[in-house]
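Q: A predicted structure for the sequence below; I have some questions about it.
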Amino acid sequence: MPVPFETLIPYVIITAMFGVSGAGLSKIKNMNNGGKKHRWSIDQWDKQMMDRDRRLTGYIRGQTDNPIAPAGFELNNPWRVEKRFS
């Protein structure tokens, strides 16, 4: 006994929406990383280097081959200094 095509329409719509949402999330992650693939298992060292790259280039995954830091980078310290008690 054949299945009427009307019963398959919701399954096709659900499958298509999973595909569209997966492609959309992949594209958003790709755009957030400056066109590079999403990174997995980022440890503390990688976080520090990514923060340094963000301060140098303005992008979290951006890198530069310029040996001289831009003006103002010498004052751009990520460490926060605590206020000393008297």
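A: Yep, it's here. Keep in mind the model is a prediction, meaning the values are calculated, not measured. Numbers count the residues shown, from 1 in each chain.

Q: In the chain, what residue spans correspond to helices?
A: 9-32, 44-57 (DSSP state H).

Q: So which bits of the last one are buried?
A: Spelled out, that is helix 44-57. Within helix 44-57, the residues scored as buried using 16 or more other CB atoms under 10 Å are 50, 53, 55, 56. Any C-beta I mention is one placed from the backbone N, CA and C, and that applies to glycine too.

Q: want to throw those into a markdown table with pLDDT?
A: As requested, the buried residues of helix 44-57 are exported to a markdown table (pLDDT from 0 to 100):
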| residue | pLDDT |
| --- | --- |
| 50 | 86 |
| 53 | 83 |
| 55 | 80 |
| 56 | 82 |
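
Q: Starting from residue 32, give me the distance back to residue 38.
A: Distance from residue 38 to residue 32, counting by CB to CB, to the nearest Å: 8 Å.

Q: cool, residue 48 as well?
A: 19 Å.

Q: Check residue 19 too.
A: From residue 19 across to residue 32, the span is 21 Å (CB to CB).

Q: the more surrounded of these two?
A: residue 32 (13 against 10; other CB atoms under 10 Å).

Q: Please determine how far the residue nearest to that one when sequence neighbours are not counted is located from residue 16.
A: Spatial nearest neighbour of residue 32, chain neighbours left out: residue 60 (7.9 Å); criterion: CB to CB, 6 or more residues apart in numbering. Distance check for residue 60 against residue 16: by CB to CB, it reads 32 Å.

Q: Mind checking which of those two has more residues around it?
A: Ranked by neighbour count (other CB under 10 Å), residue 60 and residue 16 place residue 60 first, with 16 against 10.

Q: thinking again about what came up before, now that we're looking at the residue nearest to residue 32, what pLDDT does it have?
A: pLDDT, residue 60: 79.
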